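Trainee: Sharing a sequence plus its predicted fold:
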Amino acid sequence: MPRNLLTRLGRMPGANPRRDETDASRAHRLKLIDDMTFEVIPLKSLPDAEAALPAGAKVSVTASPAKGLEATQEITERLLAAGFQAIPHISARMVRDRQHTRELAQWFRTAGVSTLFIVGGDADPPGDYPDAIEFLADLLNQEHGLHTIGVTAYPDGHATISNEKLHEALHDKQALLDEAGLAGYCSTQMCFDPKLIERWIRAERAEGLTLPVHLGLSGVVDRTKLLTMGARLGIGQSLSYLRKNRRAITSMMTTASYDPNDLLVPLSGTMHELDFQGLHVFTFNQVAATDQWRRQQLATAN
């Protein structure tokens, strides 16, 4: 086979990574891939995304400011009824008031929601909760029936919140969950810089962060859609690495779709040590391509 064709195959999503991995690191990476969470968005493309989900998958349902939390709840109920492990996102700034919090807590119980993901959100003006901490504190005082709550983490920073405040908020959320006796985790924003992510988590661990980390990463998404949808959905800050790193953006522009291994393999040697326990995959509703990649990766274990 010609050398240039081998090189091109090495860059295809689903191809075996060319970087060196130990057997233990590779096994841990594949375990995370096998159990990854697919994030879906309430857009017109959602029916095709739902149809492509593997049976029983973990599915994270985003909150849309345009459609309201009711859309997230409706989608969550439909996915739960179909046998998926649905995880609704609740945007604190979209919760109207404390009565709405009580209504959501009752809904978690009646709908059978066991895992919740809380984000601050961008709704402007907000309801009674300007940030996720205040909503989380009120929710934990309700009979909610939840087993696990995920919260946000920002290795690449936030466009409007200082790193100091992000750090304090993450540790405050951890303290609230510990006090309530609930399992928790933090899920990182989408970021393309493995060194930045590793530095961030090592620093947070040194400061007392004990929450398991779910690594946020792009699925197998068309490169144009990744850039345009990322900006549209408010994660342009996390795309800044691509603009600053010539190698990364060159990689994207020479392949049809982003390959999640570009982030996973460089991190695989430290993911077990730093307690990465999950993958939160931003599919942008291109679930079929991402699941095909997942299955290809798992096939290499056989």
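Mentor: Ah, there it is.
Trainee: Distance of the closest residue to Ala92 other than its chain neighbours relative to Asp34?
Mentor: With sequence-adjacent residues excluded and distances taken as C-beta to C-beta, 6 or more residues apart in numbering, Ala92 is closest to Phe135, at 3.7 Å. For glycine as for every other residue, the C-beta is placed from the backbone atoms N, C-alpha and C. Going from Phe135 to Asp34 by C-beta to C-beta, to the nearest Å gives 32 Å.
Trainee: Going by how many neighbours each has, rank those two and give me the top one.
Mentor: The neighbour count for Phe135 versus Asp34, taken as other C-beta atoms under 10 Å, is higher for Phe135 (28 against 13).
Trainee: host element of the more buried one?
Mentor: Per DSSP states H and E, Phe135 falls inside helix 132-139.
Trainee: Could you list the low-confidence segments of the stretch 201-302 of the chain?
Mentor: Along the stretch 201-302 of the chain, the parts satisfying pLDDT under 70 run over 225, 227-256, 302.
Trainee: again, 50 this time
Mentor: By pLDDT under 50, the weakly predicted segments of the stretch 201-302 of the chain are 233-239, 241-242, 245-246, 248-249, 252-254.
Trainee: Can you show me the strands along it?
Mentor: 213-218, 276-282 (DSSP state E, counting those that start in this stretch).
Trainee: Tell me which of these sits nearest to Leu80.
Mentor: Across the strands of the stretch 201-302 of the chain, Leu80 has its closest neighbour in strand 276-282 (18.7 Å, C-beta to C-beta).
Trainee: got the angle between that closest one and strand 213-218?
Mentor: 30 degrees (axes from the mean of the first three to the mean of the last three C-alpha atoms, to 10 degrees).
Trainee: Now strand 276-282 - C-alpha only, PDB.
Mentor: Taking C-alpha atoms only, strand 276-282 is exported to PDB below (Å, rounded to 0.1, in the frame of the first residue of the first chain):
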ATOM      1  CA  PHE A 276     -11.500  10.700  34.300                       C
ATOM      2  CA  GLN A 277     -14.500   8.500  34.700                       C
ATOM      3  CA  GLY A 278     -16.600   9.500  31.600                       C
ATOM      4  CA  LEU A 279     -16.700  11.100  28.200                       C
ATOM      5  CA  HIS A 280     -19.300  13.800  27.500                       C
ATOM      6  CA  VAL A 281     -19.400  13.800  23.700                       C
ATOM      7  CA  PHE A 282     -20.800  16.900  21.900                       C
END
